[in-house]
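Student: Dropping a prediction and its sequence here:
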Amino acid sequence: MARIALTAGALYVIVLLRAGGTFAVGWLAGAGARRSRFAERTSSAKFRRAERAIQRWGAPVVAVSFLTVGFQTAANFLAGSMRMPLPRYLPALFVGGAAWALIYATAGLGALEMLRRLFAEQTALGVSAVAVLLLTVCGVVVYRRRRAALSSGDTEAGES
C-alpha cells in the first residue's frame, strides 16, 4: 500500500506540473496561438472538440479530461488560452490530477506486478505477451497514420 501511495504522490506532482504548465502556456499564448505556427494544431478536430466542450461545460471538462488519453493536453491548453479563471481551473486540476494519479498508480503497478510474475513463472508466455502488446501498438499506430493520410488525401483532392 505504501508503494501505491508513493507512486500516486509522485504521479500527482508530475501531473500538476505538466497540466499546470500546459495551462500556463495556453494562458500566455492566448489568441496569438491561432495566428502562429501552432495554428494548425489548435485548429485540429481534437482541439475544436475540446474548445466546444470547455465553452459549454467549463471546469468539469478539465477534470474529466484527466480520465482520457489525448484529450487532456488539449483541454488544459484551451482552458488557458480561453483565460479560464484560476478559481475555476485549480479545483478541476487538483481533482482530475488526483484521479489520474490514482488510476495510473494502481493500474500501472498492477500491470507491472502481473508482468513480473508472468516473466518469473512462465518466461516464454511473458515474452509472447510483450511481443503481442508491441505488435498491437505498432499496428494501431500504422492504421491511424494510414487512415489520416488517406483522409488528408481525400480533403486535398476535394479542394482541387
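Tutor: Sure thing, it's come through.

Student: looking only at pLDDT, what's the mean for whatever helix or strand Ala10 lives in?
Tutor: Element membership for Ala10, per DSSP states H and E: helix 2-29. For helix 2-29, mean pLDDT rounds to 90.

Student: same for that helix, what does it pack against?
Tutor: Packing partners of helix 2-29 (3 or more Cβ pairs under 8 Å, 6 or more residues apart in numbering; DSSP states H and E): helix 71-81, helix 86-121. For glycine as for every other residue, the C-beta is placed from the backbone atoms N, C-alpha and C.

Student: The first one vs helix 86-121, what angle?
Tutor: Just to be clear, that refers to helix 71-81. 160 degrees (axes from the mean of the first three to the mean of the last three Cα atoms, to 10 degrees).

Student: Wait, Met82 touches Ala53, no?
Tutor: No: counting by Cβ atoms under 8 Å, Met82 does not reach Ala53; the two are 11.3 Å apart.

Student: More neighbours: which of these two?
Tutor: Ala53 (19 against 15; other Cβ atoms under 10 Å).

Student: ok, residues contacting the host helix or strand of the more buried one?
Tutor: For Ala53, the host element (DSSP H and E) is helix 45-57. The contact list for helix 45-57, computed with Cβ atoms under 8 Å, 6 or more residues apart in numbering, reads 41, 61-62, 65, 70-71, 74-75, 77-79, 82, 84.

Student: need the next SSE after it, C-terminal direction.
Tutor: helix 59-65.

Student: what stretches of this protein score poorly on pLDDT?
Tutor: 31-43, 154-160 (pLDDT under 70).

Student: Next, the buried residues of the helix holding Ala10.
Tutor: When burial is assessed from 16 or more other Cβ atoms under 10 Å, helix 2-29 yields the following buried residues: 7-8, 11-12, 15-16, 19-20, 22-23, 26-27, 29.

Student: That helix vs helix 86-121, what angle?
Tutor: Using the same axes, to 10 degrees: helix 2-29 against helix 86-121 is 140 degrees.

Student: Pull the distance from helix 2-29 to the chain's centre.
Tutor: 12 Å (Cα atoms, centre = their mean, to the nearest Å).

Student: Could you do stretch 72-87 as well?
Tutor: 14 Å.

Student: Can you give me the buried ones in it?
Tutor: Buried, per 16+ other Cβ under 10 Å, within stretch 72-87: 72-81, 84.
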